[in-house]
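Participant: Build me a model:
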Amino acid sequence: MLKTQTDWPEPIIRVQSLSEGCKDSIPERYIKPPIDRPFVQNSCYDGINNIPIIDLGGLNGDDLDVRGSILKKISEACREWGFFQIVNHGVSHDLMDKARETWREFFHLPMEVKQQYANSPKTYEGYGSRLGIEKGAILDWSDYYFLHYSPFSLKDYNKWPSSPPSCREVFDEYGRELVKLCGRLMKVLSINLGLEEEKLKNAFGDEIGACMRINFYPKCPRPELTLGLSSHSDPGGMTMLLPDDQVAGLQVRKFHHWITVNPAPYAFIVNIGDQIQVLSNATYKSVEHRVIVNSDKERVSLAFFYNPKSDIPIEPLKDLLTPERPALYPPMTFDEYRLFIRMRGPCGKSQVESMKSPI
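Facilitator: As a prediction, the model looks like this:
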């Protein structure tokens with residue numbers, strides 16, 4: 001466990017500063033092993049050019065056929081991909097633009113301003129540049145800002161940036177809208193599992209955890225050697241990603257190949273996290289994904305995490321268990337579970353797979 005550790009194992013170097021000083025090379029600490037590099041042969045699969053794009057416009061309408069079609073598309077995406085994009089989701093385009101550009105502005109503030117919010121590995125909240133505390137680890141080419149939105153006991157405005165001036169106001173509104181949107185999708189996922197519509201949400205406890213990591217991927221002179229974010233599955237419940245509207249970077253693992261996601265205009269990218277994989281007894285699966293970087297353009301993306309209450313045990317729902325398909329996972333709280341990434345950083349799907357009970 002982290003115990004009383006408050007410092008990183010090595011001095012923190014901001015990747016944005018490295019980017020501004022690097023001309024044609026990057027430090028060895030950021031060079032991935034050949035097998036993990038993004039542009040090795042057969043790393044991308046050209047037979048499929050995108051994850052499913054689903055229009056939610058008729059989800060709450062009176063046309064049962066349209067609603068049934070939307071439910072079916074989401075069900076197939078959760079079972080076959082673990083990822084999908086949603087449009088006509090009810091969040092205003094203006095708010096999406098403001099959220100993204102406000103955070104882009106933050107990352108271009110003077111370094112001494114950003115450093116006031118420097119984080120530690122104990123909570124990760126604030127301005128950071130690495131995940132995991134393994135000394136000598138190969139690092140990712142990215143900086144980030146992590147903060148809590150819910151529960152109220154963790155929501156500390158003092159840890160939110162005061163610059164740009166609109167940052168706190170924008171994120172408050174953005175958080176409210178995404179909590180509502182995630183709640184709508186949780187009902188859909190429950191219905192598609194053959195459960196009562198509140199079943200999954202209730203399994204998350206009476207007070208959901210919501211937090212956000214804003215990812216900043218600076219330009220990189222050698223993008224073929226590194227990653228913006230190493231391969232991982234999300235440890236929480238559901239992730240709502242607002243991608244950069246100027247350059248793609250997210251890659252999803254499918255058929256043992258990496259597929260670069262082409263973001264649809266004003267879409268959110270939704271993915272299943274490990275906690276929903278556990279609750280659904282692996283009917284829905286979290287999927288490995290990673291981020292590549294660009295030599296010409298920086299990227300900003302906003303990952304909103306909708307998670308279970310941190311101190312309640314999460315285990316497969318009894319309604320989904322049969323003698324032929326018993327529980328695949330033992331109970332574990334989200335607090336216990338996420339220590340894995342806080343200690344080791346992104347490591348594929350090794351955590352959720354290691355939890356499986358022997359059958």
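
Participant: C-alpha from now on. contacts and neighbour counts both.
Facilitator: Will do.

Participant: Return the set of buried residues in the longest helix anywhere in the chain.
Facilitator: For the chain, the longest helix by residue count, based on DSSP state H, is helix 167-192. Neighbour-count burial for helix 167-192 flags 167-168, 170-171, 174-175, 177-179, 182-192 (criterion: 16 or more other Cα atoms under 10 Å).

Participant: Stretch 258-268 spans what distance, first to last residue?
Facilitator: For stretch 258-268, the first-to-last residue distance is 20 Å (Cα to Cα, to the nearest Å).

Participant: Report the buried residues of stretch 280-297.
Facilitator: 280-282, 284-294.

Participant: How about stretch 57-77?
Facilitator: Quick answer for stretch 57-77 (16+ other Cα under 10 Å): 58, 59, 66, 67, 70, 71, 74, 75, 76, 77.

Participant: Can you dump the C-alpha atoms of that stretch in CSV for me?
Facilitator: Output of stretch 57-77 as CSV, limited to C-alpha atoms (Å, rounded to 0.1, in the frame of the first residue of the first chain):
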residue,chain,number,x,y,z
GLY,A,57,-31.6,11.0,-30.2
GLY,A,58,-34.6,8.7,-30.0
LEU,A,59,-33.6,6.9,-26.8
ASN,A,60,-36.3,8.7,-24.7
GLY,A,61,-38.8,9.1,-27.6
ASP,A,62,-42.2,7.4,-28.2
ASP,A,63,-41.1,5.3,-31.1
LEU,A,64,-40.4,1.9,-29.6
ASP,A,65,-38.8,0.5,-32.7
VAL,A,66,-36.2,3.4,-32.7
ARG,A,67,-35.6,2.9,-29.0
GLY,A,68,-35.2,-0.8,-29.4
SER,A,69,-32.7,-0.3,-32.2
ILE,A,70,-30.6,2.0,-30.0
LEU,A,71,-30.7,-0.4,-27.1
LYS,A,72,-29.5,-3.2,-29.5
LYS,A,73,-26.7,-1.2,-30.9
ILE,A,74,-25.4,-0.3,-27.4
SER,A,75,-25.7,-3.9,-26.3
GLU,A,76,-23.7,-5.1,-29.3
ALA,A,77,-21.1,-2.4,-28.7
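
Participant: contacting residues around it?
Facilitator: 52, 54, 55, 56, 83, 84, 87, 88, 89, 188, 189, 192 (Cα atoms under 8 Å, 6 or more residues apart in numbering).

Participant: got the contact list for the third one?
Facilitator: Taking Cα under 8 Å, 6+ apart as the criterion, residue 55 is in contact with 70, 86, 87, 88, 89.

Participant: Once you drop chain neighbours, what's closest to the second one?
Facilitator: Same thing as residue 86. Distances taken as Cα to Cα, 6 or more residues apart in numbering place residue 54 nearest to residue 86, at 4.9 Å, with adjacent residues excluded.

Participant: On the three-state scheme, the one you found is what?
Facilitator: Following DSSP: H, G, I helix; E, B strand; the rest coil, we place residue 54 in the strand state.

Participant: And it, what's its pLDDT?
Facilitator: Per-residue pLDDT puts residue 54 at 97.

Participant: could you pull out the helices for the stretch 251-359 of the chain?
Facilitator: In the stretch 251-359 of the chain, the segments counted as helices under DSSP state H, counting those that start in this stretch are 274-279, 334-344, 350-354.

Participant: same check, this time on the stretch 101-250 of the chain
Facilitator: 111-114, 167-192, 199-203.

Participant: Go through those and name the closest to residue 99.
Facilitator: helix 167-192 (6.2 Å; Cα to Cα).

Participant: what packs against the closest one?
Facilitator: Packing partners of helix 167-192 (3 or more Cα pairs under 8 Å, 6 or more residues apart in numbering; DSSP states H and E): helix 64-80, helix 93-107, helix 199-203, strand 238-242, strand 299-307.
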